[in-house]
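Engineer: Quick check, what structure comes out for this input:
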Amino acid sequence: MKTNAIARIACVIGLAAGAAQAASHSMNGNPMVGGAAMFPEKTIVQNAVNSADHETLVAAVKAAGLVETLSGKGPFTVFAPTDEAFAMLQKGRVESLLEPGNKERLVKLLTCHVVAANAMSSAIAGMIADDGGTHPVQTVGGCILQATMQDGTIVLTDPRGRSANVTIADVKQSNGVIHVIDTVMLPAM
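Structural biologist: The predicted structure is shown next:
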């Protein structure tokens with residue numbers, strides 16, 4: 001009897017804690033990314049540094065000297081590859097790109113993930129539909145990504161034919177929006 005009462009109390013406490021977390025999450029209207037709350041009043045960089053899933057991206061942005069740019073007014077749409085996405089690159093590629101002598105290449109790669117607009121997923125989906133199933137997305141780095149929909153998910157294909165799924169969409173920022181992706185987009189060779 002006593003064990004059941006303790007279990008019920010634990011369950012109620014657990015439900016209350018879950019409801020409080022959900023309430024705080026829904027109050028700012030943003031999904032969690034990398035185990036961290038994303039705040040719409042913060043910039044892309046301010047939020048990204050808190051995501052445990054984007055440590056490589058943050059290190060790359062710092063090494064490329066893009067912190068000030070991505071902290072600026074924007075608006076920007078950033079297709080943000082996860083650490084797992086960077087880990088899928090050829091062995092040693094990330095380390096090589098982070099070397100000071102490769103800054104230009106790193107900037108080119110990173111800016112292939114940035115669009116000079118505030119493009120929410122509904123707008124991207126609408127453009128895909130309007131264009132008959134494929135919409136070209138021009139990045140600030142000069143890459144043209146092809147956006148399509150597959151099973152309700154936005155899929156981006158880079159100039160080399162690599163595809164990335166948007167795994168978390170519409171993470172609102174004060175200077176734009178982040179869409180988390182599962183593959184690093186590469187510029188044309």
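Engineer: My read is that Val107 contacts Leu66, right?
Structural biologist: Yes - the criterion here is Cβ atoms under 8 Å, and Val107 meets it with Leu66 at 6.8 Å. All C-beta atoms are positioned from the backbone trio N, CA, C, and that covers glycine.
Engineer: how about the helices of the protein, start to end?
Structural biologist: Assigned by DSSP state H, the chain shows helices spanning 2-28, 44-48, 55-64, 67-70, 83-87, 93-97, 103-111, 121-130.
Engineer: Before we move on, what's the pLDDT of Asn28?
Structural biologist: Per-residue pLDDT puts Asn28 at 60.
Engineer: quick one, longest strand in this protein?
Structural biologist: strand 163-173 (DSSP state E).
Engineer: could you say what helices and strands it packs with?
Structural biologist: Contact analysis of strand 163-173 by 3 or more Cβ pairs under 8 Å, 6 or more residues apart in numbering; DSSP states H and E lists helix 44-48, strand 76-81, helix 121-130, strand 153-157, strand 176-181 as its packing neighbours.
Engineer: if you set the cut-off to 7 Å instead, what comes out?
Structural biologist: On a contact count with 3 or more Cβ pairs under 7 Å, 6 or more residues apart in numbering; DSSP states H and E, strand 163-173 meets helix 121-130, strand 153-157, strand 176-181.
Engineer: In this structure, where is pLDDT below threshold?
Structural biologist: For the chain, applying pLDDT under 70 flags the ranges 1-28.
Engineer: try 50 this time
Structural biologist: Applying pLDDT under 50 to the chain flags the ranges 1-26.
Engineer: how is this structure carved up into domains?
Structural biologist: Using automatic domain parsing, the domains assigned to the chain come out as 1-30, 34-181.
Engineer: okay, those domains in CSV with distance to Ala188 and mean neighbour count next?
Structural biologist: Supplementary listing: the domains of the chain in CSV, determined by distance: least, Cβ to Cβ, whole Å; neighbours: other Cβ atoms under 10 Å:
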stretch, distance to Ala188, mean neighbour count
domain 1-30, 33, 10
domain 34-181, 4, 17
